[in-house]
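A.B. asks: The following comprises the amino acid sequence and a computationally predicted model.
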Amino acid sequence: MKIGILRTGHSPEEMIETLGNYDQMFERLLDGNDFEFETFSVVDGIFPDSAEAADGWLITGSKHGAYENHAWIPPLEDLIRDIHATGKPMIGVCFGHQIIAQAMGGKVEKFNGGWSVGRTEYVLEGKPVALNAWHQDQVVTLPETARVVGSSDFCANAMLAYGDTIWTVQPHPEFSAEFIDGLIKTRGEGVVPDKQLVAATTTLPLPTDNADVANYMAQFFKKKARS
């Protein structure tokens, strides 16, 4: 099964060599599932020829806001709607979660409650999961076709499903504690309140459910591919 990764941002330059770019993190996360991957760096204007270029699609995180005025965002929204029309499975993470909601008629904005950073506990389909978060933007108005399948006290619309073809998640199952530590040092200081950065640092040694959510994502792709 070929997974097309739509890369909507880049890791901090200081971390790419050691920890990889966003698409490489997802390849590692989903390793062992017999997936073939191809990355399209849409943030750099590189798009697939059509929604048929892969069997399933994954949209990465980004430092950009879905509501920002970038030339690549409108064609990405068109592609999202095209993929949805084909019935191919699609997963969005963080920015991917947000841009899919926006493309499908929802609303994304800078959340007035502030940031969510570091290890955060959610409930996914009635089960507790801990994942690393790094966001201030949130989906604040759901598209008509979306349903909430996961949330936290801070983020009500943390995980969404659209029928059985789209699943999206606000936090980052691909982010390791080491990567969060790097973000704190390269993108956090002066942006995220110091108190939150300190709190996130103290939770770095605690376990996350990245592997369980990775399996959930893999099975989502495979189940739809078989149907």
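C.D. replies: Great, that's in hand.

A.B. asks: list the helices and strands the helix or strand where Glu27 lies packs on?
C.D. replies: In the assignment (DSSP states H and E), Glu27 maps to helix 22-29. Packing partners of helix 22-29 (3 or more Cβ pairs under 8 Å, 6 or more residues apart in numbering; DSSP states H and E): strand 2-6, strand 36-40, helix 210-226. No exception for glycine: its C-beta is placed from N, CA and C like everyone else's.

A.B. asks: tell me the angle it makes with strand 2-6.
C.D. replies: 150 degrees (axes from the mean of the first three to the mean of the last three Cα atoms, to 10 degrees).

A.B. asks: what comes up buried for helix 22-29?
C.D. replies: When burial is assessed from 16 or more other Cβ atoms under 10 Å, helix 22-29 yields the following buried residues: Tyr22, Asp23, Gln24, Met25, Phe26, Glu27, Leu29.

A.B. asks: Just the mean pLDDT for it, thanks.
C.D. replies: Averaged across helix 22-29, the pLDDT comes to 97.

A.B. asks: do stretch 136-155 as well
C.D. replies: 96.

A.B. asks: ok so, going back, looking at the helices and strands packed on helix 22-29, which is buried most?
C.D. replies: strand 2-6 (a mean of 22; mean count of other Cβ atoms under 10 Å).

A.B. asks: so what strands line up beside that strand?
C.D. replies: With DSSP bridges as the test, strand 2-6 is paired with strand 36-40 (parallel), strand 56-59 (parallel).

A.B. asks: want to throw those strands into TSV with distance to Leu204?
C.D. replies: TSV is the format used below for the strands paired with strand 2-6 (distance: least, Cβ to Cβ, whole Å):
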stretch	distance to Leu204
strand 36-40	28
strand 56-59	26
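
A.B. asks: can you list these in a markdown table and add mean pLDDT and distance to Ser50?
C.D. replies: As requested, the strands paired with strand 2-6 are exported to a markdown table (pLDDT from 0 to 100; distance: least, Cβ to Cβ, whole Å):
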| stretch | mean pLDDT | distance to Ser50 |
| --- | --- | --- |
| strand 36-40 | 98 | 11 |
| strand 56-59 | 98 | 12 |
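
A.B. asks: Can you tell me the element Tyr67 falls in?
C.D. replies: Here Tyr67 is covered by no helix or strand, with elements defined by DSSP H and E.

A.B. asks: How confident was the prediction at the most centrally placed residue in the chain?
C.D. replies: Geometric centre of the chain, nearest residue: Val93, 1.0 Å, by Cα atoms, centre = their mean. Per-residue pLDDT puts Val93 at 98.

A.B. asks: for Gly188, same thing?
C.D. replies: 85.

A.B. asks: OK, contacts around the closest residue to it other than its chain neighbours?
C.D. replies: Among residues not flanking Gly188 along the chain, Leu197 sits closest, at 5.0 Å (Cβ to Cβ, 6 or more residues apart in numbering). Listed by Cβ atoms under 8 Å, 6 or more residues apart in numbering, the contact set of Leu197 reads Val117, Ile184, Gly188, Glu189.

A.B. asks: Redo the buried residues of helix 22-29 as CSV? Include distance to Ile99.
C.D. replies: Below are the buried residues of helix 22-29 laid out as CSV (distance: Cβ to Cβ, whole Å):
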residue, distance to Ile99
Tyr22, 14
Asp23, 16
Gln24, 20
Met25, 18
Phe26, 16
Glu27, 21
Leu29, 20
